[in-house]
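# Predicted model and sequence below, questions to follow.
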Amino acid sequence: MREDEGRVPDIEVVAQLLREQAPHLADLPLRETEASGSSNWVFRLGEHLAVRLPRSDDYVTDLENEVRWLPELAPHLSVAVPEVVADGAPSAVFPRPWAVVSWVPGDLPLTLAGAQQERLAESLGGFVRSLHAVGTADVPAGPDRWGYRCGEPVTDTIDQWAEHAATELSDVLDAAAVREAWRRLREVPPATAPACWVHTDLSEENLLVGPDGGLAGVIDFGGVGVGDRSVDLLYAWSLFDATARETFRGASGVDAATWARARAWSFVGPGLLTIVGYRHTMPARTARLTTMVETVAAEVGVALRR
């Protein structure tokens, strides 16, 4: 069932789900929240919990992934992550699995500068290092959120994606410059370090900071799995200025080859392709990602604006 094929859940739907499947939580007050993202509807439950419901069948696997792996990962991580409190089954009330998780407090890091950026860079690097160090024995590869494994060589398919984005965005970015930037970025060394746990989506929307700018929590583990560690560095060019990026790079403990792979893929995957997909529906996100791809291109000496 797609999101538009049935009733969008409201407070009464969520309350009925709780009464039927998690009655010990049903007396807590429910309220809507602006925290809902593109994958899940989110409702606050009391002061310390949240209910997450996938928006379509496409996101069911992500929710199940979180429920399966968060309890095993959480004890090893350097900051707070959601704790799975209850997981619900599909029913006549709502046709997909759903979950109750702890509410992780904090603010999105959208306006950090100076010392606050440095604190986030250092603490996010520590989180990445802690996640990448968790053992992976008998753990399958994770969901392929970006369409390919970041540790693999660049393929014709990825070149085609870059070409498609250059054409689609030619009204805002110089298509020839986009192609030239990709030509300079695409030759990257393959992964040599073993695959490790990766979050896969450490964007501004999934990071929470405290008053000093330091990382307070990480959310949305739907794409978590085992893969190339470069995937957790992709948003460095969106989150940080040049100085803080170097701090993040050092704190995360990655080598130059991993950093090069992250930079190349950030340009196409969460960069150009995401801009194409969201430019007409999420202007704030599009603006941030446009700045990101321009920053990446500038590092290889290409200006994307005419």
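Arrived safely.
# roughly how far apart are the spatially most central residue of the chain and Thr33?
Taking Cα atoms, centre = their mean, the centroid of the chain lies closest to Asp201, which sits 2.0 Å from it. Using Cβ to Cβ, to the nearest Å, Asp201 is found at 20 Å from Thr33. From N, CA and C alone the C-beta is placed, and that goes for glycine too.
# hey, where'd the helices end up in this protein?
Taking DSSP state H, the helices of the chain run over residues 11-21, 60-73, 115-132, 156-168, 175-185, 236-239, 242-252, 256-267, 274-278, 283-299.
# Spatially nearest residue to the residue nearest to the centre of the chain (excluding sequence neighbours)?
Leaving aside its sequence neighbours, Asp201 sits nearest to Gly223 (Cβ to Cβ, 6 or more residues apart in numbering; 5.3 Å).
# you'd agree the one you found is up against Thr200?
Yes: the pair Gly223 and Thr200 qualifies as a contact (Cβ atoms under 8 Å) at a distance of 3.6 Å.
# Would you mind naming the residues that bridge with Leu45?
For Leu45, the beta-bridge partners under DSSP bridges are Leu30, Leu49.
# What is the burial count for Arg129?
Residues within reach of Arg129, counting by other Cβ atoms under 10 Å, total 16.
# re earlier: what's the closest of the helices of the chain to His48?
Closest of the helices of the chain to His48 is helix 11-21, at 14.9 Å (criterion: Cβ to Cβ).
# what's the least confident helix or strand in this structure, going by average pLDDT?
Lowest by mean pLDDT, DSSP states H and E among the helices and strands of the chain is strand 225-227, with a mean of 89.
# Quick one: distance of that strand to the chain centre.
Relative to its chain's centre, strand 225-227 lies at 14 Å (Cα atoms, centre = their mean, to the nearest Å).
# and it, what does it pack onto?
strand 196-198 (3 or more Cβ pairs under 8 Å, 6 or more residues apart in numbering; DSSP states H and E).
# Name the surrounding residues that touch the strand it packs on.
73, 131-134, 136, 139, 142, 224-229, 231-232 (Cβ atoms under 8 Å, 6 or more residues apart in numbering).
# roughly how far apart are the spatially closest residue to Gly271 that is not a sequence neighbour and Ala251?
With sequence-adjacent residues excluded and distances taken as Cβ to Cβ, 6+ apart, Gly271 is closest to Val293, at 4.1 Å. Distance, Val293 to Ala251, by Cβ to Cβ: 24 Å.
# All good on my end, thank you.
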